[in-house]
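next comes the sequence, and after it the predicted model I'd like to discuss.
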Amino acid sequence: MSKGPVLFDLDTPTSPEAEMPNPAQAEPVPEVGPELPEGRAMQTVAVLAARKTSALAKWFWGLLASVIGSMISVAAWNFVTGLIAQNAILGMIVTALIAGFLLVCALIVLRELGAMARLSRMDKIQHQARTAIEAGDLPAARTVVKDVLRLYSGREDLRWGRDRMAERMHDAVDAADVLALAERELLSHLDAAAVREVEAAARQVATVTAMVPLALADVVAAMTSNLRMMRRVAEIYGGRGGFLGSWRLARAVMTHLVATGAVAVGDDMIEPLIGGGLLGKLSRRFGEGLVNGALTARVGIAAMEVCRPLPFVAEKRPSARGVVQRALAGFFKK
């Protein structure tokens, strides 16, 4: 007995035309743009400056400096004593030269220690000001202002502000008013000068990064420009320039930026200058220059907050976006 054909009911059509995909219904291919610049030069500088030195590294460099110093001292002693034995007058002259060199080295060390002590003093004043504001302590706020006046006692450019503070300080009725008066009369002029230094450094870092294609040149330029900027900001607010003091300040600023994640920047920082989304269409080198300049502006504002003897209370804290706009707007002028 033969069986008949078996029929299957299919839900989908079996015609060849129906099985072929329709190109019109295909999803569009996602557009892959160039990788956004990350400001790697400034991020490298931040990581290097904020890196903590291990105890083993400290012992290594300390012992190496001791060994080298001992070798130089013994060699100099033998050289001088041998020269005195051969020619007493010439040996005394060389001894005097070495003594003068050691005296200059001692003065440099004292200057470095003084610079670090002055930065510590400014940090202490700022901490006392914050405490006085939080507690609403008027006598403590007046004491802070007196410390600020002593800090700037030798500044001729602040003579008018000091006189105004001496006349009006006792008219304030609370701690915030006293410190706000000190900000307006003493620090507003210094804030403007510090912002100009930050703008100049941001412009320089952006230009070097965009124009110099050499490897590591942008990192070196960013590091030197930022160290010089932080040193100038500290000097504007009353600090003294010094290698150790500048390095300590750089470590404090960079550690704060790395801890808060402020060394990352994107279109939101550059957008007011060139429009949203355009950063990804720029040349890689030009975009890196803009981002490095923006990060330099952030470093400069952080340095202002660290070096300023009073926190921003009455005066508005400078905006990193505004600094970037003024510093880098010239890149887009025809």
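That came through, no problem.

please name the residues that touch residue 94.
With C-beta atoms under 8 Å, 6 or more residues apart in numbering as the criterion, the residues that contact residue 94 are 79, 80, 83. For glycine as for every other residue, the C-beta is placed from the backbone atoms N, C-alpha and C.

thought the second one was touching residue 97?
Okay, so that is residue 80. No - assessed by C-beta atoms under 8 Å, residue 80 is found out of contact with residue 97, at 9.8 Å.

name the spans of the stretch 101-250 of the chain whose pLDDT lies under the cut-off.
Residue ranges of the stretch 101-250 of the chain with pLDDT under 70: 213-215, 241-245.

thinking again about what came up before, now, which of the contacts of residue 94 sits nearest residue 70?
residue 79 (14.7 Å; C-beta to C-beta).

in space, what's closest to that closest one - neighbours in sequence excluded?
residue 94 (7.7 Å; C-beta to C-beta, 6 or more residues apart in numbering).

which of the three states applies to that neighbour?
helix (DSSP: H, G, I helix; E, B strand; the rest coil).

tally up the residues packed near residue 63, please.
Number of residues near residue 63 (other C-beta atoms under 10 Å) recorded here: 10.

do the same with residue 169
There are 18 residues near residue 169, going by other C-beta under 10 Å.

so it sits right up against residue 181, yeah?
Yes - using C-beta under 8 Å, residue 169 makes contact with residue 181 at a distance of 6.7 Å.

what is in contact with the two at once?
With C-beta under 8 Å, 6+ apart, residue 169 and residue 181 have common neighbours residue 145.

got a list of what residue 173 touches?
Residue 173 touches residue 138, counting by C-beta under 8 Å, 6+ apart.

could you look up the SS state of it?
Residue 173 is classified as coil under three-state DSSP.

mind checking how far it is from residue 216?
Distance, residue 173 to residue 216, using C-beta to C-beta, to the nearest Å: 57 Å.

and what of residue 61?
23 Å.

please apply the same query to residue 230.
21 Å.

of the two, which one has the most company?
residue 230 (30 against 9).

is it true that residue 228 touches residue 204?
No - Residue 228 is not in contact with residue 204 according to C-beta under 8 Å; the separation is 9.2 Å.

those two: which is more packed in?
Neighbour comparison, residue 228 and residue 204: the larger count goes to residue 204, with 20 against 16 (by other C-beta under 10 Å).

which SS class is that one?
Going by three-state DSSP: residue 204 is helix.

so it makes contact with residue 222?
No - contact criterion C-beta under 8 Å: residue 204 and residue 222 do not qualify, at 9.3 Å.

so where do the strands sit in the stretch 151-300 of the chain?
Using DSSP state E, counting those that start in this stretch, no strands are found in the stretch 151-300 of the chain.

and the gap between residue 98 and residue 83?
Residue 98 is 11 Å from residue 83, where distance means C-beta to C-beta.

quick one: which of these two has more around it?
It is residue 83, of residue 98 and residue 83, that has more neighbours when counted by other C-beta under 10 Å, with 17 against 14.

which ones are touching the more buried one?
90, 91, 94.
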